[in-house]
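Enquirer: the following comprises the amino acid sequence and a computationally predicted model.
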Amino acid sequence: GDSVTQMEGPVTLSEEAFLTINCTYTATGYPSLFWYVQYPGEGLQLLLKATKADDKGSNKGFEATYRKETTSFHLEKGSVQVSDSAVYFCALRNFGNEKLTFGTGTRLTIIP
Amino acid sequence: GAVVSQHPSRVICKSGTSVKIECRSLDFQATTMFWYRQFPKQSLMLMATSNEGSKATYEQGVEKDKFLINHASLTLSTLTVTSAHPEDSSFYICSARDSRNGRTRTYEQYFGPGTRLTVT
């Protein structure tokens, strides 16, 4: 079956540091890949997505590239801010299917 | 836009009692809503897909008689945990798919903030 493996947290970084959160997946077919973010007290929000190999999703300074050869979708940001502190979830959805398969989530804390 | 609320945000109940959790789409209609369960340090697990006006579709291994889902209107789905036991303690999250014209094909789900259930 489909599965998503992401970097275990928690991750603590200083402001303006470079961020990478690793995500790899196993799936049949041709999945779409997503990063969701959950700020304290709020629901998951879609951060970015990519629907086919070599696509790059980007939003709010975050980027992730769909790498089919390595089955990865790592999240990166060049300079993090305190406001980026949240839990980040990697997820996939197979073509024509509504069902989302999530990773375990990575808690990110940015200190000033 | 696309806000989903859940009520309550936290609930503590005694073993053997039933608890109802509400999921509402506040500014859009949702013919389809989803219920997830999240254990500590684990991923969100889809429990069931709720369709307005029809029976929910449960994932394998989820007891439909224990987790009753009702989706009686286009903006409200409820999850009732019946005869709750301590092992039902968890974080329950709902999501809703926007049913407005032209948006259903994107399959995007909007998530509620979750409900923390503790059964003592």
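Expert: Here it is on my side, so go on. Computed from a predicted model, the values in this text were never measured in an experiment.

Enquirer: what stretches of chain B score poorly on pLDDT?
Expert: B:1, B:99-107 (pLDDT under 70).

Enquirer: closest residue of it to chain A?
Expert: Scanning chain B for the residue nearest chain A gives B:Phe111, at 3.7 Å (criterion: C-beta to the nearest C-beta). Where C-beta positions appear, they are placed from N, C-alpha and C, glycine not excepted.

Enquirer: phi, psi of that residue?
Expert: In terms of degrees, to the nearest 10, the main-chain angles of B:Phe111 are phi -100, psi 140.

Enquirer: ok, the residue lying closest to A:Gly41 once chain neighbours are set aside to A:Leu100 distance?
Expert: Nearest residue to A:Gly41, sequence neighbours excluded (C-beta to C-beta, 6 or more residues apart in numbering or on different chains): B:Pro113, at 6.2 Å. B:Pro113 sits 17 Å away from A:Leu100, going by C-beta to C-beta, to the nearest Å.

Enquirer: more neighbours, the two?
Expert: Per other C-beta atoms under 10 Å in any protein chain shown, whichever of B:Pro113 and A:Leu100 has more neighbours is A:Leu100, with 25 against 19.

Enquirer: number of nearby residues for B:Glu69?
Expert: Quick fix: residue B:69 reads Ile, not Glu. So B:Ile69, with other C-beta under 10 Å, has 23 neighbours.

Enquirer: go ahead and confirm it touches B:Ser50.
Expert: Yes - using C-beta atoms under 8 Å, B:Ile69 is in contact with B:Ser50, at 4.9 Å.

Enquirer: list residues touching both of the two?
Expert: Listed as contacting both B:Ile69 and B:Ser50 by C-beta atoms under 8 Å, 6 or more residues apart in numbering or on different chains are B:Trp35, B:Ala56, B:Ser77.
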